[in-house]
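*Asks:* Give me the fold of what follows.
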Amino acid sequence: MKTTYIRTLGLIGLGAALLMFVGDMCLYGHFGSGNDAISKVVISNESDTSIVVGGFIGPIATILYCLGFLSVYFMISPRSRMLAIVVTGGAVVIMVIGGTYHAMWSIRAFLIKAGLASGDYQGLYTQIKQYTSLFYNTMLAGAGVVSALLLFVVLSGRSLYPRWSAVVNPGILLLLRPLADFVPAPLGAIVSGGYLNLVFVVFFSVTVLVARSTNDTLQTHGT
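*Replies:* Numbering: from 1, shown residues only. Model prediction:
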């Protein structure tokens with residue numbers, strides 16, 4: 001596997017992260033403070049087209065994400081094919097769940113627009129919110145497990161990632177998520193609302209960067 005292919009797959013992952021971020025912004029993006037990232041007032045004023053596009057981006061970006069994760073596979077497989085399969089397979093499953101959650105967000109947005117998030121229909125909205133949150137929480141739990149395994153792989157030298165790249169491990173960056181709520185206006189709401197996908201923008205950017213220095217190692221392993 002030439003580094004050109006790894007960089008290409010990493011760029012696809014980077015594109016997926018940016019595309020999903022655009023989907024976030026279509027659903028609830030606005031200029032404001034981080035602690036007001038998901039504002040019902042903003043969502044209620046979004047156009048139907050924006051909400052549909054925002055949700056529909058989910059499955060498309062998920063496919064690209066899964067292709068992007070192949071770059072992770074090829075960064076690990078020369079040292080441990082089994083670990084490469086487990087980490088990449090886990091990441092793909094988690095992202096499918098995450099993409100499903102993203103697509104379902106449009107339903108919540110339409111309920112908010114229709115005024116069903118409060119009053120007599122608040123119970124219905126709460127049920128749907130809890131149901132969609134099940135996907136979100138499952139995604140976060142799974143991401144924690146896979147990120148921990150990836151951290152072990154990188155720090156133990158069982159991959160082509162340099163050990164310093166552990167600082168952009170998605171799990172570590174997600175632990176910093178609460179700090180995004182303190183980012184002031186006007187960019188706070190954008191950073192906080194799209195934080196998860198911005199994490200992968202950073203991660204895939206580093207993957208593309210470090211892949212440049214792996215060519216000799218890949219050739220040594222005959223890949």
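
*Asks:* CA only for contacts and neighbour counts going forward, please
*Replies:* Will do.

*Asks:* What distance do you get for the spatially most distant residue from the centre of the chain to residue 142?
*Replies:* In terms of distance from the mean C-alpha position of the chain, residue 120 ranks first, at 34.6 Å (CA atoms, centre = their mean). Remark: distance between residue 120 and residue 142 (CA to CA, to the nearest Å) = 35 Å.

*Asks:* try residue 77
*Replies:* Taking CA to CA, one finds residue 77 at 21 Å from residue 142.

*Asks:* same check, this time on residue 14
*Replies:* As judged by CA to CA, residue 14 and residue 142 stand 21 Å apart.

*Asks:* Which one's more surrounded, the two?
*Replies:* residue 14 (25 against 18; other CA atoms under 10 Å).

*Asks:* ok, the more buried one - contacts?
*Replies:* 68, 200-201, 204-205 (CA atoms under 8 Å, 6 or more residues apart in numbering).

*Asks:* Find the centremost residue of this protein, please.
*Replies:* With distances taken as CA atoms, centre = their mean, residue 197 lies nearest the centre of the chain, 3.9 Å away.

*Asks:* can I assume it is in contact with residue 17?
*Replies:* Yes. Residue 197 sits in contact with residue 17 when judged by CA atoms under 8 Å, with a separation of 5.1 Å.

*Asks:* on that earlier part again, just checking, which of the contacts of residue 14 belong to strands?
*Replies:* Counting by DSSP state E, no part of these is found in strands.

*Asks:* My guess is residue 199 contacts residue 172. True?
*Replies:* No. Contact criterion CA under 8 Å: residue 199 and residue 172 do not qualify, at 9.6 Å.

*Asks:* what about the two, which has more around it?
*Replies:* Legend: neighbour count by other CA under 10 Å for residue 199 and residue 172, higher for residue 199 (20 against 16).

*Asks:* show me the contacts for the more buried one.
*Replies:* Taking CA under 8 Å, 6+ apart as the test, what residue 199 contacts is 170, 173-174.
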